[in-house]
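*Asks:* Quick one, fold the following:
(one chain, ligands or ions: 1)
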Amino acid sequence: MKRLTAIGTMLGVFMLGLLLVLPAGQAADMSKGKAIEMVLATVKAARTVYVKGVLADAKKGGIKGNEAWVKDDHGIMLPAQFVKEIGKEIRGFELGLLGTDPLYASNAAKSPKEKEMLAALAGGKKILTGEDGGKTIGMSADFAIVQGCADCHNKHPKTTKKDWKKGDFMGAIVVRMK
Ligand code: HEC
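*Replies:* Residues are numbered from 1 along each chain as shown. A predicted model of the protein is given here:
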């Protein structure tokens, strides 16, 4: 009888342990996905503020977005460069932009998993997270929200696609977290 009680107590402790450990594990997973979603939302918002608040206002004063902004006294960085510059300041995780038909190879999907996620976004998903060789990847779909996006990409010397139009799915903001 004593032995049964002991086994019962052990089982009870074990079950209690499971109850405590399982939700903690789930919470850890959830918080990583949640953290990535928050980063993506913040970067998107920062870019929108840059486009609507900085670029649009600067234009009135004769200052324009120019890819070669470093050498141009009357030029400031493009929205994509703004996102990449933020990425350069960040430690602990990576932030960047991906294109389905990127102007630069450095903006192409970096693994089969990233290609698969980009394809899922092209299929209509707005935001995705996934595991990729020890990293958690988050992507948020990027669309040509104004004609200007399409026009500039169509006429860029490096473009491989010249028929972008307003509303097209162009790629994603990407976050890679270890
Ligand atoms: C004045 C030109 C210009 C405009 C306007 C512009 N882009 Fe770009 N975009 C670029 C350049 C140049 C790059 C590459 C920057 C780099 O990687 O250094 C780029 C990069 C990107 C990328 C990464 C993939 C790639 O093509 O290399 C995406 C996605 C993108 N832009 C989407 C957009 C969207 C959406 C808009 C409108 C909200 C937009 N762009 C407006 C010039 C432009």
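*Asks:* Where do the helices of the protein begin and end?
*Replies:* Along the chain, counting by DSSP state H, helices occupy 2-49, 56-60, 79-89, 112-122, 147-155.
*Asks:* How about the contacts made by residue 50?
*Replies:* Contact analysis of residue 50 by CB atoms under 8 Å, 6 or more residues apart in numbering lists 79, 82. To be clear about C-beta, it is placed using only N, CA and C from the backbone, and glycine gets the same treatment.
*Asks:* What of the one 5 residues further on?
*Replies:* Residue 55 makes contact with 65, 76, 79 under the criterion CB under 8 Å, 6+ apart.
*Asks:* In a markdown table, list these along with pLDDT.
*Replies:* Output for these, formatted as a markdown table (pLDDT from 0 to 100):
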| residue | pLDDT |
| --- | --- |
| 65 | 94 |
| 76 | 97 |
| 79 | 94 |
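*Asks:* Tell me if stretch 149-168 is near the ligand.
*Replies:* Yes: against the ligand, stretch 149-168 shows contacts by CB under 6 Å from any ligand atom at 149, 152-153, 156.
*Asks:* Tabulate those (TSV), appending pLDDT.
*Replies:* Formatted as TSV, the residues of stretch 149-168 next to the ligand follow (pLDDT from 0 to 100):
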residue	pLDDT
149	91
152	95
153	97
156	97
